[in-house]
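Asks: Next one to model:
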Amino acid sequence: MVPYVEGVLTAAQVRQTAASIAAMQEASGAIPWTVGEHVDIWNHVEGAMALLVGGEVAAAERALLWVPTLQRADGSWPMKIVDGVVEDERGEVNMSAYFAVGLWHHWLIRRDRAFVARLWPSVRAGLDWVVSLQQDWGGIWWTPVDEFCLLTGCSSIHHALRAGVALAELLDDPQPEWELAGGRLGHALRRHRDLFADKSTFSMDWYYPVLGGAVRGEAGRELLATRWADFVVPGLGIRCVDTNPWVTGAETCELAMALDAIGDHERARSLLADMQHLRHPDGSYWTGWVYDDPTYDNDNPDVYWPHEQTTYTAAAVILAVDALGERYGAATAGSGIMRGTSLPPGFAELALECGCDPVSDPA
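Replies: Numbers count the residues shown, from 1 in each chain. Predicted structure coming up:
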């Protein structure tokens, strides 16, 4: 079943959006940001997940099978690939972790254990490399040569570790070190956000601790309330950064999924509806829209910017539709991937090395 959200997007429109991603997929299986642009593993995997949800099964599996072909011996992936050539060789932890989420999502929808087993060694090597860069206080360095930790990236890694543990349980290959790392990371995302690099102008740093599953329930609602007025533009979506009058589709859909994860379904649906002004007639999505706001020094309002349709924006739309379709229309078996309903319980705070007392039930 292809998902839909009543009054927002039909199943046929979701199929069209998935087809727009497939149309930009390279012959190798790689999914670039847009035609001629670079590939990164995180957005590539997100694109593969959206293809699967939108009924493009062959394209999705070709994308997932491509991922191990760029993996290095240490388990990492290069940060940027252009037309099959590595442009930035740095290994980035968030990108190297996210394959676990994509593979668990494939299992939820396809129930193909042989496919999971085929790709499991790549997921395992990637997560082993990621946790090797964890610091005493729980954060994980962005790269081996960039010795700081990013809040958004580490929030996504928390999600990926839960998916990795789920895969490990499915294949009877326990990974207790990931559970310890996940507990420390979750603690850092709840108690030590001040130790991460300051990227607070970006909306992702605001909502990602919720989307990644480390902060949920009342704490998640309180966190999202703190900067709602800074980022949300009624009727348009949310700003990418609080310094510019620029709303972006991917961030809007991610916030919608974060809201869905804490039970704020109505506002989630409203955001998904609000960003549909970015939809192109061919089913793809513009990255963002610069709007007129007299509080900003802006000489060129009311334009799409950048002038491109991106696969990662289309992917975020499809995954948001699937998440909300469970309540407002129809959804796939993978619709709970961001809510975490198919994943093991939140990690316990064990063997903390930051000096804090652990919380018995952090979730």
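Asks: I262 is in contact with G217, correct?
Replies: Yes: applying Cβ atoms under 8 Å, one finds G217 in contact with I262, separated by 6.8 Å. In this view, the C-beta of every residue, glycine as well, is placed from N, C-alpha and C.
Asks: so who does the closest residue in space to L236 that isn't next to it in sequence touch?
Replies: In this structure, L236 finds its nearest non-sequential neighbour in V247, 4.6 Å apart by Cβ to Cβ, 6 or more residues apart in numbering. Contact partners of V247, counting by Cβ atoms under 8 Å, 6 or more residues apart in numbering, are V233, L236, G237, I238, R239, C240, M275, G288, W289, Y291.
Asks: Then V247 would be within a strand, right?
Replies: Yes: counting by DSSP: H, G, I helix; E, B strand; the rest coil, V247 is part of a strand.
Asks: coming back round to it: more neighbours, G217 and I262?
Replies: I262 (20 against 12; other Cβ atoms under 10 Å).
Asks: Tell me, how many residues neighbour the closest residue to the more buried one other than its chain neighbours?
Replies: Leaving aside its sequence neighbours, I262 sits nearest to G220 (Cβ to Cβ, 6+ apart; 4.4 Å). Applying other Cβ under 10 Å, we find 22 residues neighbouring G220.
Asks: Tell me if I'm right that G220 and G212 touch.
Replies: No: look at G220 against G212 with Cβ under 8 Å: they stay out of range, at 10.6 Å.
Asks: ok, now which ones touch the closest residue to C240 other than its chain neighbours?
Replies: Spatially, and ignoring its direct neighbours in sequence, C240 is nearest to T248 (4.3 Å; Cβ to Cβ, 6+ apart). Contacts for T248 (Cβ under 8 Å, 6+ apart) come out as G237, I238, R239, C240, T287, G288, T313.
Asks: looking at the chain, which helix or strand is least sure?
Replies: One helix or strand of the chain scores below all others by mean pLDDT, DSSP states H and E: strand 303-304, with a mean of 92.
Asks: ok, G288 to V2 distance?
Replies: 26 Å (Cβ to Cβ, to the nearest Å).
Asks: likewise Q276?
Replies: Going from Q276 to V2 by Cβ to Cβ gives 17 Å.
Asks: higher neighbour count, the two?
Replies: A count of neighbours by other Cβ under 10 Å puts V2 above the other of Q276 and V2, at 21 against 15.
Asks: coming back round to it: just the pLDDT at the residue nearest to C240, thanks.
Replies: In this model, T248 is scored at 98, pLDDT.
Asks: To which secondary structure element is L167 assigned?
Replies: helix 151-170 (DSSP states H and E).
Asks: contacting residues around the following helix or strand past that helix?
Replies: Tracing the chain C-terminally past helix 151-170 and defining elements by DSSP H and E, one meets helix 176-191 next. Residues outside helix 176-191 that contact it (Cβ under 8 Å, 6+ apart): 127-128, 131, 134, 137-140, 151, 154-155, 157-158, 161-162, 164-165, 168, 195-196, 209, 212-215, 219, 346-354, 356, 358-359, 362.
Asks: can you pull out the helices in the stretch 1-150 of the chain?
Replies: Taking DSSP state H, counting those that start in this stretch as the criterion, the stretch 1-150 of the chain contains helices spanning 11-24, 41-53, 57-66, 93-97, 99-110, 113-131.
Asks: in this structure, which segments are predicted with low confidence?
Replies: When residues are selected by pLDDT under 70, those of the chain lie in 296-300, 360-363.
Asks: Just give me the longest strand of it.
Replies: Ranked by residue count under DSSP state E, the longest strand found in the chain is strand 85-91.
Asks: Just checking: what are the partner strands of that one?
Replies: Using DSSP bridges, strand 85-91 pairs in its sheet with strand 78-82 (antiparallel).
Asks: from the middle of its chain, how far away would the strand it pairs with be?
Replies: Centroid separation for strand 78-82 versus its chain: 18 Å, with Cα atoms, centre = their mean, to the nearest Å.
Asks: pull the CA atoms of that strand into CSV?
Replies: Only the C-alpha atoms of strand 78-82 are listed here, as CSV (Å, rounded to 0.1, in the frame of the first residue of the first chain):
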residue,chain,number,x,y,z
PRO,A,78,33.2,9.3,2.6
MET,A,79,31.3,12.5,3.2
LYS,A,80,30.6,13.5,-0.5
ILE,A,81,30.6,11.4,-3.7
VAL,A,82,30.0,13.0,-7.1
